[in-house]
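> I need the structure of the sequence given here:
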Amino acid sequence: MTDVESSDRHQSRRAADRIVDQLVALGVTTFFGVPGGPVIPIFDAVLGHPETRLIESRHETAALFSAMGYWSEAGRVPGVLVTAGPGGMNAVTGLAAAFCEGVPVVVICGDVAWSATGGRMLQDMGPGGLSYEQTVEHFTRRTVRIVNSGSAAAHAHEVVIAATRPGNEGPALLMVSNDTAMTPAQAIRIPPQPRDRGVRRDSGWNGDALDGVAADVVRRLAGARHPLIIVGGAARDLRAEVEALVDGLNVPFVCTPRGKGVLSERHPLSLRHSGLAASWWARHYTALGVDAALALGTDLDDCSIGSLALVEPGGYLAHVDLDPSVFSRNIPTTTGIAAPLADFLVSANRQARGIRHPDGLRLKAKIAEQSSFQEPGFATDERFPVAPHRIIADLQESAPQGTRFVTDIGEHMLFALHYLTVDDPSSFAIHLGLGSMGSGIGSAVGRALADPARPVVCICGDGGMQMLGAEVLTAAKYCLPIVFAVFNDGRYNMVYHGYRQMFDRTEPWSTPWIDFAAWAGALGVPGRRITRPGEITPELFAELTAQGGPSVLDIRHDPEIRILGAGRVEALQQMSVPRSAR
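Below you'll find the model as predicted:
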């Protein structure tokens, strides 16, 4: 029995305290959120608990983006606290993003006193008001209302289990009114059931059956003319197993944008990445006609495929995913394997012993006779205004060793995908489950909190900073080592180019020029304007990060430079073409 449980014999604690006690017992100790009256008892319980940490975000969706980054880096379930009315509604986009990426987050939403439900009360989230549970039930793993203070701990336990169910992780919602949260509640002893990251759920496969399917996949790849392994973001925790299969079979591979860095892009069989801003190697190789492919840890959405033909018409595709609904959605699947990725990789590596494609390294070497990049000399491009690809080169060259790069959503994202060279999965992140502007900004905060010893560079745009740039204040408050590299072009640049391509005419889609360096100064954060190549240097990084907190680079670049055939419009146009015509 814990000290807390022992002391409960002599004093009564609030339901809010019981909720937090139970969450802590299950490993939820870091909370993000924006305070407000209906949820303030939960804030008070978090502040009063000796094992918790409270991070005050500036917007509820940013709090969820930060929680997503924290989970990705730390592997520990975070909590997010939001208040009734606008707080809960502001959180909707973040909840949807966490759902789309399968991130386990416990969201606690305060509500006004339920005794008033049925009357009229400001910010009522119940059935007589906004019906919040019904609003978010499709993209939460569980929604629970606490109507009895004595059940508060049990319901807290319930939502953690729902959020972390292996193979079906995602956000779960706990609703509690301020009057219920303040009501005394007795202790309930619920032994923790820890859920470690990466635990697999039973798929129904037996070992012999999976071995048989894996053996067939291995033989097809080894005998193919142009084989390909497609590695997605869900393989991030299985790097060793994926690399063993690639090396053993001697088969070239691509990583999807979310999987960038799962295997090193310097690997001798790497074609870098597919999908948005795909590498020239991936484009040239797939143009030869891929007759056998294996997809691992990806749903093969439009951002993963882009304008590439990852499998030629009539070619063979084996697709491994626990969710069979993704099979044949965008590329015809020959063999759909609804099994845990880890289990399949064990079987595939066992079956691949002694089987090897004779020409894999030669096929890659032939492709590598030309540059993987649209601009082979991007790192030394001296043009003015500074080219966006030169910015990426200068950032990667100047950042300290071990820096993590997080990209937000926008035209700058394409340059980060195309030109950053990533060697391990912890060094790059992009949130393409929902594709929200501002997701990278919030995620950078969560990642820096999870491991403040490693600096973070957040590659973002002026549009995203106008949406969620106030999170720089969160980074400043907690002295987080984040460099916000703002690609400042005074317009929604991805929208500008996509609109022009789709309709063959232009609209400015402009925003007022903002001096982000001066803005940073007004927030008490170091800032510097960048206009020319070579101005981002290791010395500048050292100067901006000397105090250990965040800094801002206001980068005025050439907005007309693009990566050809790289954007979302191209991907959408390709996906809208009937399969028979591709």
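
> Okay, buried residues for the helix or strand hosting Gly498 please.
For Gly498, the host element (DSSP states H and E) is helix 493-503. Going by neighbour count (16 or more other CB atoms under 10 Å), the buried part of helix 493-503 is 493-499. (C-beta placed from N, C-alpha, C; glycine too.)

> elements contacting the helix or strand just after that helix?
Note on helix 493-503: by DSSP H and E, the next helix or strand toward the C-terminus is helix 516-522. Using 3 or more CB pairs under 8 Å, 6 or more residues apart in numbering; DSSP states H and E, the elements in contact with helix 516-522 are strand 527-530, strand 551-556.

> where does the stretch 101-250 of the chain dip in pLDDT?
Applying pLDDT under 70 to the stretch 101-250 of the chain flags residues 114-121, 192-204, 206.

> Break down it into its helices, ranges please.
For the stretch 101-250 of the chain, the helices defined by DSSP state H, counting those that start in this stretch occupy 132-136, 152-163, 178-181, 207-222, 239-249.

> so can I have JSON lines of these showing mean neighbour count and distance to Ala450?
Putting those into JSON lines (neighbours: other CB atoms under 10 Å; distance: least, CB to CB, whole Å) gives the following:
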{"stretch": "helix 132-136", "mean neighbour count": "18", "distance to Ala450": "25"}
{"stretch": "helix 152-163", "mean neighbour count": "23", "distance to Ala450": "18"}
{"stretch": "helix 178-181", "mean neighbour count": "23", "distance to Ala450": "28"}
{"stretch": "helix 207-222", "mean neighbour count": "18", "distance to Ala450": "34"}
{"stretch": "helix 239-249", "mean neighbour count": "19", "distance to Ala450": "19"}
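
> Which of those helices sits closest to Ala520?
Between Ala520 and the helices of the stretch 101-250 of the chain, the tightest spacing by CB to CB is seen for helix 132-136, at 34.7 Å.

> Touching that closest one from outside, list them.
88, 92, 95, 109, 111, 125-126, 143, 145, 173, 175 (CB atoms under 8 Å, 6 or more residues apart in numbering).

> ok, now with 7 Å
Helix 132-136 is contacted by residues 88, 92, 95, 109, 125, 143, 145, 173, 175 when judged by CB atoms under 7 Å, 6 or more residues apart in numbering.

> now swap in stretch 354-374 and tell me
With CB under 7 Å, 6+ apart, stretch 354-374 has contacts from 218-219, 221-222, 226-227, 248-252, 268-269, 271-272, 279-281, 284-285, 418-419, 563-564.

> Tell me the strands beside the helix or strand containing Ile459, with direction?
Ile459 is part of strand 456-461, with elements assigned from DSSP H and E. If you go by DSSP bridges, strand 456-461 pairs up with strand 404-407 (parallel), strand 482-488 (parallel).

> Just the mean pLDDT for the next helix or strand after it, thanks.
Downstream of strand 456-461, the first helix or strand assigned by DSSP H and E is helix 462-468. Helix 462-468 shows a mean pLDDT of 95.

> What residues sit buried inside helix 462-468?
So, applying 16+ other CB under 10 Å, buried residues of helix 462-468: 462-468.

> Give me the nearest residue to His412, chain neighbours excluded.
Nearest residue to His412, sequence neighbours excluded (CB to CB, 6 or more residues apart in numbering): Phe487, at 4.0 Å.

> Which residue lies nearest the spatial centre of the protein?
For the chain, the residue nearest the mean C-alpha position is His431 (3.4 Å; CA atoms, centre = their mean).

> Surely that residue and Ser439 touch.
Yes: with contact defined as CB atoms under 7 Å, His431 and Ser439 form a contacting pair (3.9 Å).

> Can you work out which residues contact both of those two?
Ala97.

> if we can go back for a sec, how far off centre is the strand holding Ile459?
Chain-centre distance of strand 456-461: 14 Å, with CA atoms, centre = their mean, to the nearest Å.

> For Leu174, list each beta-bridge partner.
In this entry, Leu174 is beta-bridged to Ile108, Val144, by DSSP bridges.

> try Leu228
Ala293.

> got a list of contacts for whichever strand or helix holds Val346?
Assigned by DSSP H and E, Val346 belongs to helix 341-351. Contacts to helix 341-351, defined as CB under 7 Å, 6+ apart, come from residues 200, 203, 205, 210-211, 214-215, 217-218, 234-235, 238, 241-242, 244-245, 248, 296-297, 320, 337.

> let's go with 6 Å and repeat that
In this structure, residues lying in contact with helix 341-351 by CB atoms under 6 Å, 6 or more residues apart in numbering are 200, 210-211, 214-215, 218, 238, 241, 244-245, 297, 320, 337.

> Also stretch 261-279?
Around stretch 261-279, the neighbours that count as contacts under CB under 6 Å, 6+ apart are 231, 235-236, 239, 243, 246, 252-257, 260, 281-282, 285, 303-306, 308, 364, 372, 414, 417-418, 421-425, 427-428, 563, 566.

> Mind giving me the ChimeraX select for these, buried ones only?
Only the buried members of the contacts of stretch 261-279 enter the following ChimeraX selection, criterion being 16+ other CB under 10 Å:
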select :231,235,236,239,243,246,252,253,254,255,256,257,260,281,282,285,303,304,305,306,308,364,372,414,417,418,421,422,425,427,428,563,566
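
> How about Asp211: what's its closest non-neighbour residue?
Once flanking residues are discounted, Asp211 sits nearest to Ser347: 4.9 Å by CB to CB, 6+ apart.

> what's around that neighbour, how many residues?
When neighbours are counted by other CB atoms under 10 Å, Ser347 registers 23.

> Also Arg454?
Using other CB under 10 Å: Arg454 sits among 17 other residues.

> Ok, the one 3 residues further on next?
Residues within reach of Val457, counting by other CB under 10 Å, total 25.

> Same check on Gly336?
Residues contacting Gly336 under the criterion other CB under 10 Å number 18.
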